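*Asks:* the following comprises the amino acid sequence and a computationally predicted model.
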Amino acid sequence: MTDPLPDTIVPYGHPKYDAQVAQLKEEMGGGKKSKGGKRNKYGAQRCELDGYVFASKVERRRYLWWKDEMEAGRIEMLVCHPRVTLYADQQFTLDFLVQYPDGRWMWEDVKGGATKGLADFRYKRKVFDADYPGDPLSVVEEHTNYTTGRKEWRNV
């Protein structure tokens, strides 16, 4: 499998990381909230951490989980909000791209209970799987284990 990172992406922890985050924030309008203060259709609240703007608190919690994994040495690299180009020049922004110490890569998207079955996402996932046949796309959600009462991550 080839290296999925384009030359333009600087991984978390790289010396040029902060400069790239500042440039992306500037391109996105400085990370300001949208005018009108519309609520998300599914109740997700945008939040910011370490210079990233996350679409939901669940996505932010997953980022913190991946940061812990990196600090523990279980992953080599973490890229937030990587973009891939699907056929017909469609842009698809996933939540994370992770590299393991053995060199494997994994794309990941975090979904809430209401959004995982959306037709738009199902379509993009099928196109992603067709365009990137060797690259695994993991879709996870936060789940409460009713036996222990603890929150856990599970694949959907």
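*Replies:* Nice, I can see it.
*Asks:* mean confidence score for the longest helix seen in the chain?
*Replies:* Taking DSSP state H as the criterion, the chain has its longest helix at helix 57-71. On average, the pLDDT along helix 57-71 is 92.
*Asks:* show me what it is in contact with.
*Replies:* Contacts to helix 57-71, defined as Cβ atoms under 8 Å, 6 or more residues apart in numbering, come from residues 12-13, 44-45, 47, 49-50, 52, 54, 75-78, 80, 95-96, 98, 108, 110, 112, 140-142, 153. The C-beta positions use only the backbone N, C-alpha and C, and glycine is treated the same way.
*Asks:* got it, and stretch 146-156?
*Replies:* 62, 65, 111, 116, 138, 139, 140, 141, 142, 143, 144, 145.
*Asks:* now the first one: how far from residue 77?
*Replies:* Going back to what we said before, that points to residue 62. As judged by Cβ to Cβ, to the nearest Å, residue 62 and residue 77 stand 16 Å apart.
*Asks:* related to what we said a few turns ago, show the buried residues in the contacts of stretch 146-156.
*Replies:* Neighbour counting over the contacts of stretch 146-156 (16 or more other Cβ atoms under 10 Å) leaves 62, 111, 139, 140, 141, 142 as the buried ones.
*Asks:* ok, so of the residues you listed, who is nearest residue 126?
*Replies:* residue 139 (12.4 Å; Cβ to Cβ).
*Asks:* residue contacts, the closest one?
*Replies:* 108, 109, 110, 111, 116, 125, 155, 156.
*Asks:* which ones among the contacts of helix 57-71 lie within strands?
*Replies:* Those of those mapping onto strands are 47, 49, 52, 54, 77-78, 80, 96, 98, 108, 110, 140-142, 153, per DSSP state E.
*Asks:* top of the residues you listed by number of neighbours, please.
*Replies:* For the ones in strands among the contacts of helix 57-71, the largest number of neighbours (other Cβ atoms under 10 Å) sits with residue 110, at 25 neighbours.
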